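Colleague: Mind looking at a prediction? Sequence and model below.
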Amino acid sequence: MTQFIDHVGIQPKSKRIAGILHLAETYGRTATTGGLYVSIIVIYAWFGGMKFTAYEALGLVDLVSNNPLVSWMYSILSVRGFSSFLGLLELGIGALIAARLVNPIYSLVGGVLSSGLFVTTISFMITTPGVIVPELGFPAISVAPGQFLLKDVGLLALSLWIAMDSLTAIRFTRS
């Protein structure tokens, strides 16, 4: 940032602003990266933990039962059993992403699995009744389940970013 400011000839008006810019340049990328990893770990811990409740298991029924990618799971597992399986998967993905501190290969695997999970949940937007609100016209979607599912587009992007960041770290450490 300070290089950009020097390049365009803008000088900070105070030492305080110069200090903030120096901190942003020195630690900004590290802090942002840490924040991204922590945020998805918290999301996976929270969502994964909720999957062990009856409330969450019942909330998944309309999403899962209408989707050909996962509806077959209800023929193998009960509603609570599937939700618990999903909870274990989500907690495991969160743990793999957190294990970036040990070795980036773990967070690479976590990022790839997370990407697959969010591609699946985004597909619910196509298969779940009530997502589109036709009487309001395009691009109207319902609050639930439509807008609830739409957040997964951002989480997919974050998952892909984590996978690529981890891959870069692996390649960097092997060079």
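Modeller: Received it, and whenever you're ready, just let me know what you need. Residues are numbered from 1 along each chain as shown.

Colleague: Lowest mean pLDDT among the helices and strands of this protein, which one is it?
Modeller: Across the helices and strands of the chain, the lowest-confidence element by mean pLDDT, DSSP states H and E is helix 2-8, at a mean of 55.

Colleague: need the helices for this structure, in chain order.
Modeller: 2-8, 15-50, 54-65, 73-76, 79-98, 104-127, 148-174 (DSSP state H).

Colleague: From one end of stretch 66-85 to the other, what's the distance?
Modeller: Taking Cα to Cα, to the nearest Å, the first and last residues of stretch 66-85 lie 18 Å apart.

Colleague: Find the centremost residue of this structure, please.
Modeller: Leu155 (3.0 Å; Cα atoms, centre = their mean).

Colleague: Tell me who's in contact with Ser71.
Modeller: Contacts of Ser71 were listed using Cβ atoms under 8 Å, 6 or more residues apart in numbering, and they are 64-65. In this view, the C-beta of every residue, glycine as well, is placed from N, C-alpha and C.

Colleague: from what I can see Ile93 touches Leu117, true?
Modeller: Yes. If you go by Cβ atoms under 8 Å, Ile93 and Leu117 touch, sitting 6.8 Å apart.

Colleague: neighbour-wise, which of the two wins?
Modeller: Between Ile93 and Leu117, counting by other Cβ atoms under 10 Å, Ile93 is the more crowded of the two (26 against 19).

Colleague: OK, contacts around the more buried one?
Modeller: By Cβ under 8 Å, 6+ apart, the neighbours of Ile93 are 44, 48, 110, 113-114, 117.

Colleague: Now with 6 Å, please.
Modeller: 44, 110, 113-114 (Cβ atoms under 6 Å, 6 or more residues apart in numbering).

Colleague: Dump the helices of the chain into JSON lines; add distance to Gly137 as well.
Modeller: Converted to JSON lines, the helices of the chain look like this (distance: least, Cβ to Cβ, whole Å):
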{"stretch": "helix 2-8", "distance to Gly137": "43"}
{"stretch": "helix 15-50", "distance to Gly137": "32"}
{"stretch": "helix 54-65", "distance to Gly137": "24"}
{"stretch": "helix 73-76", "distance to Gly137": "34"}
{"stretch": "helix 79-98", "distance to Gly137": "34"}
{"stretch": "helix 104-127", "distance to Gly137": "17"}
{"stretch": "helix 148-174", "distance to Gly137": "17"}
